[in-house]
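Colleague: Here is the input, now give the coordinates:
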Amino acid sequence: MRSIRTKLLLALLIITLLPVYPLYHLVKDFFSRSLEVGFNEKVIEALENASGLSQIVFSQFREETLDLCRALKRSIRSPSLFKSAGRIKFNFTPIEKKYGAFRLQFYDKKGVFLRQHFSGAVLVYPAIYEAQLHAFQVKTALSFFETNPQPAFISVYVPAIFSNEKTGAMVVTRPLPTAFVEQSRQVIEVNQMFQAIGILRGDLEKSFILAFFVIYLSFTVLIIVLGYLFYQRISRPLIALAAGTEKVAAGDLDYRMQVKSGDEIGKLVDSFNSMIEKVKTKQEQVVELEKKAAWREMARILAHEIKNPLTPMQLTVQQLRDEYKGDDPLYSKVLAECTEIISDEIAALQKLVRTFSEFARMPEMQLVQADLNELIRDVRKLYKDADVDLDLSSNLPLIKLDDEQFRRILKNLFKNSLDSIKEKGAGRISISTVFQNETILIGFSDTGMGIKDEILPRIFEPHYSTKKQSMGLGLAIVKRIILEHGGSISVESQTGKGTRFSIILPT
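Modeller: Numbering: from 1, shown residues only. Here you go, the predicted model:
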């Protein structure tokens, strides 16, 4: 079995490792091509062009914002707007139509916030802090707040100069188009990602190779473990089967495998156990037939050897009794008693000879299709005074049997049961038939005295009996007839409760 295990595990290892080299190159090539599809000069150039175009659009938007600031500066002609925080109404309708939404904030020359005006939709504009304005106090030209290279809003510092004197400042904040902001962000992120891939490309390939081999090695180990478990599952019943074969070969026909499985291995084990059971049954039948053949031969010899001198002995005794003509009454009485005793013993020996002759001359079976239930009913009619229960199956098929010999079986069983019931004083006989698994089971039981445990194993042996007047051949003949029909007979008994004979016949 070790050889099978080694071959199985080696085969699994080869099957698992054989494709590793071509699979590695195939996956590596696919990985490289996947990188090349997205990471090539054309894609990089397109991203750079998109980034450049975004910068151009952004620059144009900045210029438009400067134009907006100049237009607003031109439209405000009173320095009083930068001196107090009073509420003032503005009319920037022409400017709003041209430039869209914006926020306009007013500060005095010290950078103190005075008021603000929202043009267009009201948005959440970013706050302008005093610290930010402080850096622009000295400036006299338009200046951008460079707080973010790609902000969602653009803010411009616009100094207010009247009569060559700086009287305050305005801060114009304009929102960038939402679509432009989102697209610009995506372009920047993708560009950054591709730059990172370009830098880390070598590391990515190394990581991929490492991950590939780690996964493949884990897969290989898993295959080997599963293969070993699979081998264990298969090998256990095979090892048990091999051990069972050796035991059976050594003559142990009582060995049975206990492997439980619903697959082909389980069927093999069941077939093995069934085969051993059949071999054991056949062997028992052969042994029984051999024993019966030996007993038949012995009975034939004994019958022949005993029968020959019986007739001369019987004639001699008769002659002794007839030839005495004396008148001695005492002698006549002794002679009569002696010759009577000798005659009775000769009669007993003749009966023994007849029984032995009958056992030795068992006729060949005459098999015919017969209804077993009907045969049982016919024999039961011979024992009208007996208390008998019949439980005969209605689906019993016709079987081939020797009608005369089978009647002999039933009569013998009836006789034994009635003797046992008579010994106990009361009881009943039960006979049943059942058809199952292509066999017929006959149950013949009684509630008589039963059979003692020490006697039970020998009741089918020839010339073994517990009855003084019996030759001990009845049950031996019963078993022999059943074996010749290809069947089997067994017995169970409890002293004082009764006996049950079970007969199994093939169909």
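
Colleague: show me where the chain has strands.
Modeller: 102-108, 113-119, 143-144, 153-162, 165-175, 367-370, 388-392, 399-402, 429-436, 439-446, 488-494, 498-506 (DSSP state E).

Colleague: What residues of the last one count as buried?
Modeller: To tie it back to what came earlier, the one meant is strand 498-506. For strand 498-506, a neighbour-count test (16 or more other CB atoms under 10 Å) marks 498-501, 503-505 as buried. Where C-beta positions appear, they are placed from N, C-alpha and C, glycine not excepted.

Colleague: and the protein, what are its domains?
Modeller: Using automatic domain parsing, the domain parsing of the chain gives 2-38+201-241, 43-176, 364-506.

Colleague: Can you check which of the ones you listed gets nearest to residue 320?
Modeller: domain 364-506 (28.0 Å; CB to CB).

Colleague: Need the distance between the two termini of that closest one.
Modeller: Counting by CA to CA, to the nearest Å, you get 19 Å between the two ends of domain 364-506.

Colleague: can you list the weak-confidence ranges in the stretch 301-450 of the chain?
Modeller: 301-308, 352-363 (pLDDT under 70).

Colleague: Report the separation between residue 268 and residue 274.
Modeller: 11 Å (CB to CB, to the nearest Å).

Colleague: Which one's more surrounded, those two?
Modeller: Neighbours were counted for residue 268 and for residue 274 using other CB atoms under 10 Å; residue 268 has more, 16 against 11.

Colleague: how far away is that one from residue 230?
Modeller: From residue 268 to residue 230 the distance is 17 Å (CB to CB).

Colleague: can you give me the helices in this protein?
Modeller: Here the chain has its helices, by DSSP state H, at 2-17, 20-38, 41-75, 93-99, 130-134, 178-249, 264-323, 329-360, 372-380, 403-424, 474-484.

Colleague: re earlier: of the strands of the chain, which approaches residue 48 most closely?
Modeller: strand 153-162 (23.7 Å).

Colleague: Name the residues of that closest one that come out as buried.
Modeller: Buried residues in strand 153-162 (16+ other CB under 10 Å): 153-160.

Colleague: what about that strand, average pLDDT?
Modeller: For strand 153-162, mean pLDDT rounds to 88.

Colleague: Tell me which strands that strand pairs with, and in which orientation.
Modeller: In the sheet, strand 153-162 lines up against strand 143-144 (antiparallel), strand 165-175 (antiparallel) (DSSP bridges).

Colleague: and residue 321, what is it in contact with?
Modeller: Applying CB atoms under 8 Å, 6 or more residues apart in numbering, we find residue 321 in contact with 335-336, 339.

Colleague: at 6 Å instead, please
Modeller: residue 339 (CB atoms under 6 Å, 6 or more residues apart in numbering).

Colleague: for residue 166, same thing?
Modeller: Contacts of residue 166 (CB under 6 Å, 6+ apart): 109, 159.

Colleague: ok, now residue 410?
Modeller: Taking CB under 6 Å, 6+ apart, we find residue 410 in contact with residue 379.

Colleague: Report the separation between it and residue 397.
Modeller: Distance from residue 410 to residue 397, by CB to CB: 19 Å.

Colleague: And for residue 96?
Modeller: Distance from residue 96 to residue 397, by CB to CB: 109 Å.

Colleague: How about residue 383?
Modeller: 26 Å.

Colleague: just to revisit the earlier point, and the strands of the chain, which is most packed in?
Modeller: Of all these, strand 102-108 carries the top mean neighbour count, a mean of 22, counting by mean count of other CB atoms under 10 Å.

Colleague: who touches that one?
Modeller: 81-82, 113-119, 125, 168-174.

Colleague: When residue 383 and residue 397 are compared, which one has more neighbours?
Modeller: The neighbour count for residue 383 versus residue 397, taken as other CB under 10 Å, is higher for residue 383 (16 against 12).

Colleague: mind listing what that one touches?
Modeller: Shown in contact with residue 383 (CB under 6 Å, 6+ apart): residue 414.

Colleague: same thing with the one 5 residues further on?
Modeller: When contacts are counted by CB under 6 Å, 6+ apart, residue 388 is found next to 380, 429.

Colleague: redo that, cut-off 8 Å
Modeller: Residue 388 touches 380, 428-431, counting by CB under 8 Å, 6+ apart.

Colleague: How about residue 377?
Modeller: 390, 392.

Colleague: so how far is residue 342 from residue 319?
Modeller: 12 Å.

Colleague: out of the two, which sits in the busier spot?
Modeller: residue 342 (17 against 11).

Colleague: Grab the nearest non-local neighbour of the more buried one.
Modeller: residue 317 (4.9 Å; CB to CB, 6 or more residues apart in numbering).

Colleague: which ones are touching that neighbour?
Modeller: 339, 342-343, 346.

Colleague: quick one, what contacts residue 281?
Modeller: Residue 281 neighbours (CB under 8 Å, 6+ apart): residue 488.

Colleague: who's residue 166 bridged to?
Modeller: Assigned bridge partners for residue 166, using DSSP bridges, are residue 161.

Colleague: ugh, wrong one, I meant residue 436
Modeller: Counting by DSSP bridges, residue 436 is bridged to residue 439.

Colleague: how near is it to residue 393?
Modeller: Residue 436 is 9 Å from residue 393, by CB to CB.

Colleague: just residue 172 next, same as before
Modeller: With CB to CB as the criterion, residue 172 and residue 393 are 111 Å apart.

Colleague: Name the residue most distant from the centre of the protein?
Modeller: Distance from the C-alpha centroid of the chain, by CA atoms, centre = their mean, peaks at residue 327 (101.2 Å).

Colleague: residue contacts, it?
Modeller: Counting by CB under 8 Å, 6+ apart, residue 327 has no contacts.

Colleague: for it, phi and psi?
Modeller: When read as degrees, to the nearest 10, the backbone of residue 327 gives phi -120, psi 20.

Colleague: returning to what we had before: looking at the domains of the chain, which is closest to residue 250?
Modeller: Across these, closest to residue 250 is domain 2-38+201-241 (CB to CB), at 15.0 Å.

Colleague: Return the residues in contact with the closest residue to residue 430 other than its chain neighbours.
Modeller: Once flanking residues are discounted, residue 430 sits nearest to residue 389: 4.5 Å by CB to CB, 6+ apart. With contact set as CB under 8 Å, 6+ apart, residue 389 has these partners: 428-431.

Colleague: hmm, which two among these are most spread apart?
Modeller: 428 and 431 (10.7 Å).

Colleague: And the residue nearest to residue 430, how close does it get to residue 71?
Modeller: Taking CB to CB, one finds residue 389 at 125 Å from residue 71.

Colleague: now residue 89
Modeller: 18 Å.

Colleague: These two: which has the busier surroundings?
Modeller: A direct count of neighbours by other CB under 10 Å for residue 89 and residue 71 places residue 71 higher, at 15 against 5.

Colleague: what's the closest non-adjacent residue to the more buried one?
Modeller: residue 95 (5.4 Å).

Colleague: Pretty sure the one you found sits against residue 73.
Modeller: No. Checked against CB atoms under 8 Å, the pair residue 95 and residue 73 is beyond contact range at 11.0 Å.

Colleague: Of the two, give the one with the bigger neighbour count.
Modeller: More crowded of residue 95 and residue 73, by other CB under 10 Å: residue 95, with 19 against 16.

Colleague: List the residues that contact that one.
Modeller: Here residue 95 is in contact with 68, 71-72, 75, 119 (CB under 8 Å, 6+ apart).
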